[in-house]
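Asker: sharing a sequence plus its predicted fold:
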Amino acid sequence: MGSKDTISEHQLYITSIWVWLKLLIQNGIDKAYLNRYVKITFFVIITYPLRLLQSLYLLPKKIKHKELSHDPIFIIGHWRSGTTHLHYLMNVDNQFIGLENYQAFFYKIAFLSKWILRPLLNNLMPEKRPQDNIPIDAYAPCEEEHPLTNNTTMCGMQTFFFPRNKSYFNHYNLFENVDKKKIKKWQAKYHDMLLQIEWFNKEKKQLLLKNPHNTARIDQLIKRYPKAKFIFIHRHPSEVYLSMKHLYKKTISTQFLQETNNDDIEKSILYFYSKTLKSYLVKKELIPSDQLIEISFTELEKSPVKTVEKIYDKLNLSNFENIVKDLELYCQKNSKYQKNKFESLDDKTIKKIKQNWNFAFKEWNYT
């Protein structure tokens with residue numbers, strides 16, 4: 001959200017009063033971001049009646065079942081590994097439903113007036129994602145971690161807003177040092193969100209979800225959705241590092257509510273990657289072999305249609321023959337897309353990446 005080439009608004013505008021107060025108590029706000037604090041507080045207060053109306057009147061009318069109609073499909077992988085590219089490709093298949101940007105960013109009031117707020121969001125959103133120039137609009141698929149930030153403090157993305165507090169990432173992405181009661185509470189919050197995504201779509205189709213935060217949550221997801229299917233995508237670690245630095249500069253920094261510096265950001269990038277993917281490598285053993293496929297960004301980039309076909313074959317998904325033309329048309333439409341180009345890494349950074357991420361080079365045979 002913001003101007004047509006930048007993000008100037010904050011993701012917490014529609015959060016609940018209690019979540020906002022709890023975040024303030026847990027973290028405080030640095031003086032440099034008082035303007036953001038004032039704007040978030042203002043929107044949290046003025047949207048309260050709308051949030052109340054949705055939660056007390058509209059949602060109870062829509063609750064017709066307590067379980068998802070189908071077992072979900074989770075697209076996972078570290079940030080900047082190609083999860084969005086894969087999500088957009090598979091989203092051409094109308095047998096799937098998912099979270100759209102409008103519901104993601106107006107989650108707490110999304111059922112009230114989408115015919116008014118959708119066009120408003122379209123007008124406010126950049127025409128392309130600032131971090132990678134991928135076209136976006138209010139209808140484009142989005143990751144469900146965004147609305148989770150407005151639902152609960154038990155959300156790994158809160159660490160992006162409060163970069164000095166890694167407990168959100170450690171507790172609710174990795175589930176380190178979290179008791180069973182809190183884990184059950186997180187599962188309930190997450191499940192309720194998925195139900196609302198299904199209700200919003202008004203169709204009982206299979207959820208196709210993309211969320212890098214879920215990469216380390218496999219143990220909790222497979223417990224709750226034992227027949228869920230997972231698509232993991234990986235990319236050369238050096239490319240991920242450079243792209244993550246760009247992501248912080250263009251997007252994550254626009255959401256900061258605590259001050260940080262470049263050294264700490266680099267340390268966070270190294271930490272998040274190492275902890276997330278090491279956790280994935282341990283927990284993926286919990287997934288039955290016919291419910292998981294691993295692909296590389298390189299193969300997806302070079303042969304997108306064949307790679308999607310490979311996914312459908314491995315996970316026993318139907319309908320591929322009916323979407324081939326749509327996939328080819330999508331690829332043709334985006335054939336002129338240019339990836340970001342970054343400067344080469346210096347020797348010092350290369351050394352840090354090798355020291356911290358050597359396991360990934362070995363696991364996926366990167367040189």
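Answerer: That came through, no problem. Nothing here was measured: the structure is a model prediction, and the numbers come from that model. Numbering: from 1, shown residues only.
Asker: buried residues, stretch 170-185. List them.
Answerer: Using 16 or more other Cβ atoms under 10 Å as the test for burial, stretch 170-185 gives 170-175, 178, 183. (Each C-beta comes from the backbone N, C-alpha and C, glycine too.)
Asker: what about it, start to end distance?
Answerer: Taking Cα to Cα, to the nearest Å, the first and last residues of stretch 170-185 lie 16 Å apart.
Asker: ok, stretch 359-367 next?
Answerer: Separation of the first and last residues of stretch 359-367 by Cα to Cα is 12 Å.
Asker: what's it in contact with?
Answerer: Contact with stretch 359-367 is made by 234, 236-237, 273-274, 277-278, 281, 296, 354, as judged by Cβ atoms under 8 Å, 6 or more residues apart in numbering.
Asker: among the residues you listed, name the buried ones.
Answerer: Burial by neighbour count, 16+ other Cβ under 10 Å: within the contacts of stretch 359-367 this picks out 234, 236-237, 273, 277-278, 296.
Asker: which two from those end up farthest apart in space?
Answerer: Using Cβ to Cβ, the two most remote members of the buried ones among the contacts of stretch 359-367 are 278 and 296, lying 18.5 Å apart.
Asker: helices and strands of the chain: which one bottoms out on pLDDT?
Answerer: When the helices and strands of the chain are scored by mean pLDDT, DSSP states H and E, helix 59-62 comes last with a mean of 64.
Asker: got the confidence number for the residue nearest to residue 292 when sequence neighbours are not counted?
Answerer: Counting by Cβ to Cβ, 6 or more residues apart in numbering, residue 292 lies nearest to residue 230, which is 4.7 Å off, once chain neighbours are set aside. The per-residue pLDDT reported for residue 230 equals 98.
Asker: buried sites along the helix or strand hosting residue 230?
Answerer: Residue 230 is located in strand 229-234, with elements delineated by DSSP states H and E. Using 16+ other Cβ under 10 Å as the test for burial, strand 229-234 gives 229-234.
Asker: what ranges do the helices span in the stretch 101-250 of the chain?
Answerer: Using DSSP state H, counting those that start in this stretch, the helices of the stretch 101-250 of the chain run over 101-105, 114-124, 145-151, 158-161, 167-172, 180-201, 218-224, 237-250.
Asker: same check on the stretch 251-367 of the chain?
Answerer: 262-283, 297-302, 304-314, 320-333, 347-363.
Asker: then the shortest one to PDB, C-alphas only?
Answerer: Once side chains and other backbone atoms are set aside, the C-alpha atoms of helix 297-302 remain, and they are given as PDB (Å, rounded to 0.1, in the frame of the first residue of the first chain):
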ATOM      1  CA  PHE A 297      14.200 -21.900  -8.400                       C
ATOM      2  CA  THR A 298      16.600 -22.600 -11.400                       C
ATOM      3  CA  GLU A 299      14.400 -25.400 -12.800                       C
ATOM      4  CA  LEU A 300      11.200 -23.300 -12.300                       C
ATOM      5  CA  GLU A 301      12.800 -20.400 -14.000                       C
ATOM      6  CA  LYS A 302      14.100 -22.400 -17.000                       C
END
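Asker: how about residues contacting that helix?
Answerer: Contact with helix 297-302 is made by 81-82, 85-86, 89, 233-236, 239, 307, as judged by Cβ under 8 Å, 6+ apart.
Asker: let's go with 7 Å and repeat that
Answerer: By Cβ atoms under 7 Å, 6 or more residues apart in numbering, the residues outside helix 297-302 that reach it are 81-82, 85-86, 233-235, 307.
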